[in-house]
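[1] let's see this in three dimensions:
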Amino acid sequence: MTVFRSKSLALVSMVGLLALLLCGTSEAQSNQDCCLSYTKVRLPRWALKGYTEQLSSEVCDIHAIIFHTYSGLNACVNPREGWVKKHLLFLSHKLKKMSM
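    Numbering: from 1, shown residues only. Reported below is the predicted structural model:
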């Protein structure tokens with residue numbers, strides 16, 4: 001009877017551990033899709049391919065602009081910064097010309 005209890009306890013423990021790992025993984029994946037802070041590096045305009053806007057009213061905690069670079073990297077920046085506004089204007093004109 002004690003062998004049966006120890007096997008049951010081990011099985012319940014493993015299922016619990018698996019559930020914790022799965023919950024932690026899904027939480028980590030959703031956080032990776034969000035900007036949690038802003039980069040302090042000012043990006044050059046020539047390196048920017050496009051951008052995405054992250055709204056704080058949706059899933060993520062902060063409002064941010066995610067600049068996409070030609071090298072494949074993404075950078076989270078503060079949309080209130082002057083240089084960010086200028087870069088957004090530049091990209092808007094550039095993307096508008098490309099769509100014509």
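
[2] where does pLDDT dip in this structure?
    Scanning the chain for pLDDT under 70 picks out 1-32, 100.

[3] can you give me the helices in it?
    2-32, 82-99 (DSSP state H).

[4] quick one, what contacts the nearest residue to residue 39 once chain neighbours are set aside?
    Nearest non-adjacent residue to residue 39, counting by C-beta to C-beta, 6 or more residues apart in numbering: residue 75, 4.9 Å away. Every C-beta, even on glycine, is put in place using the N, C-alpha and C of the backbone. With contacts defined as C-beta atoms under 8 Å, 6 or more residues apart in numbering, residue 75 is in contact with 39, 41, 43, 66, 67, 69.

[5] 10 Å instead, please
    35, 38-39, 41-43, 47-48, 51, 64-69 (C-beta atoms under 10 Å, 6 or more residues apart in numbering).

[6] swap in residue 33?
    Applying C-beta under 10 Å, 6+ apart, we find residue 33 in contact with 54, 59, 60, 66.

[7] only the buried subset of those, as a ChimeraX command please.
    Entered in ChimeraX, the line below selects the buried ones among these, by 16 or more other C-beta atoms under 10 Å:
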select :54,60,66
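
[8] which one of the contacts of residue 33 sits closest to residue 91?
    Among the contacts of residue 33, residue 66 lies closest to residue 91 (C-beta to C-beta), at 11.9 Å.

[9] separation between the closest one and residue 75?
    7 Å (C-beta to C-beta, to the nearest Å).

[10] now swap in residue 58 and tell me
    Counting by C-beta to C-beta - residue 58 and residue 75 are separated by 19 Å.
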